[in-house]
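Asks: no sequence for this one, just the structure:
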């Protein structure tokens, strides 16, 4: 259970960081080298600040293990964070109710076609 949206987003970041660390290790075992940090996009700046800033440690004791793991992955340059505003989150097209304008923009970014449009 999460007490705030920042905590919920941070738990999602921690899970995704774990998956990216696992994937990087798998690629290394297969002799593929990933030198650049893997990007992580988040629409919650508080969650990004928690992940990058050790000052937030005292305020987030209940998610301490996640904080340490994500911060460690960030300092080792395994992952890097990008703030992506709500209107540019492609997954929101499939998971949230969005305005017609945002819906149209996201569909265009995904190169989706209307199957029922007149030919």
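Replies: Ah, there it is. It should be emphasised that the depicted structure is a prediction, and the values quoted were computed from it without experimental measurement.
Asks: from the rest of the structure, what touches the helix of greatest length in the chain?
Replies: Using DSSP state H to define each element, the chain has its longest helix at helix 5-29. For helix 5-29, the external contacting residues (CB atoms under 8 Å, 6 or more residues apart in numbering) are 2, 33-34, 38, 40, 42-44, 46-48, 50-51, 60, 62-63, 66-67, 69-70, 73-74, 78-79, 81. Every C-beta, even on glycine, is put in place using the N, C-alpha and C of the backbone.
Asks: mean pLDDT per helix and strand in the chain: which one sits at the bottom?
Replies: Across the helices and strands of the chain, mean pLDDT, DSSP states H and E gives its lowest value to helix 45-52, namely a mean of 71.
Asks: follow-up on the earlier one: distance from the chain centre to the longest helix of the chain, please.
Replies: 9 Å (CA atoms, centre = their mean, to the nearest Å).
Asks: could you look up the next helix or strand downstream of that helix?
Replies: Where DSSP states H and E defines the elements, the next helix or strand beyond helix 5-29 is strand 38-42.
Asks: need the next SSE after the host helix or strand of residue 94, C-terminal direction.
Replies: Here residue 94 is covered by helix 92-95, with elements defined by DSSP H and E. Next along the chain after helix 92-95, taking DSSP H and E as the criterion, comes helix 100-109.
Asks: many thanks, I have nothing further to ask.
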